[in-house]
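Asker: Okay, here's the prediction I keep looking at, along with the sequence it came from:
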Amino acid sequence: MTETGKTLKGQLILDNGKLRGSFFHRAVILICQHDSEGAFGLVLNRSTNNKVGEAVVAKLPETLKDEVLYLGGPVQPQALSFLHNDAYLPDANVLTNLSLGHSLDSLVEIGESYSTTQRLKVFAGYAGWSSGQLEDEMKRDTWMTHPATVDLVFYPKPDQLWAMILKQKGWKYKLIAEGPEDPSWN
């Protein structure tokens, strides 16, 4: 956890324009777990361009097969994680009414349930940090933080999420957000 003992769980961390050339270039990551042993997060704005039904070898409800599969991070790309939101989730473990899960059985159960307010995002892989690693990266100004909301987690245009959040943070970040992918293109 951070020097002051403050956890980043439930926060977004974003590339602040310094991660060019890395997997995390222009990434928006929801920190789902953060304690003295390390941190676990999911990249919210990296689609695999595949559907869940194309990647998961299991009998899935039709509603799940057509969900977009996201690349949650470079660690264990075969690992399954999902974020689930509904109007009322009493056991939410990331944010109010937002839960993180890893079990295929739980995912299938959610897919078979019916709720007009339910939202789901499925990930292959994750972003992980060992004890103290994320804190060191924060000290080096590698990331900026932003309050997470369920609406940001399920933003309808995830490929635009990074730029949209930066533009809200003021003119300095708006310049970063509107800059080209590669500064040599200027």
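Answerer: Yes, it's here.

Asker: Pull out the buried positions in the least confident helix or strand in the chain by mean pLDDT.
Answerer: Least confident helix or strand, the chain: helix 171-178 with a mean of 85, by mean pLDDT, DSSP states H and E. Within helix 171-178, the residues that qualify as buried are 173, 176, 177, counting by 16 or more other C-beta atoms under 10 Å. For the C-beta atoms, the positions are set from N, CA and C on the backbone; glycine is no exception.

Asker: could those be laid out in a markdown table, adding distance to residue 22?
Answerer: Formatted as a markdown table, the buried residues of helix 171-178 follow (distance: C-beta to C-beta, whole Å):
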| residue | distance to residue 22 |
| --- | --- |
| 173 | 19 |
| 176 | 16 |
| 177 | 18 |
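
Asker: closest to residue 84 among the residues you listed?
Answerer: Using C-beta to C-beta, residue 177 comes nearest to residue 84 of the buried residues of helix 171-178, at 29.3 Å.

Asker: residues touching residue 181, list them.
Answerer: Neighbour list for residue 181: 25, 26 [criterion: C-beta atoms under 8 Å, 6 or more residues apart in numbering].

Asker: now with 10 Å?
Answerer: 20, 25, 26 (C-beta atoms under 10 Å, 6 or more residues apart in numbering).

Asker: Most neighbours among the residues you listed, which one is it?
Answerer: Within the contacts of residue 181, neighbour counts (other C-beta atoms under 10 Å) peak at residue 26, which reaches 19 neighbours.

Asker: Now the phi/psi pair for that residue, please.
Answerer: Dihedral angles of residue 26 (phi, psi; degrees, to the nearest 10) stand at phi 60, psi 30.

Asker: Against residue 7, how distant is it?
Answerer: Using C-beta to C-beta, to the nearest Å, residue 26 is found at 25 Å from residue 7.

Asker: cool, residue 36 as well?
Answerer: 10 Å.

Asker: One more: residue 86?
Answerer: According to C-beta to C-beta, residue 86 stands 24 Å off from residue 7.
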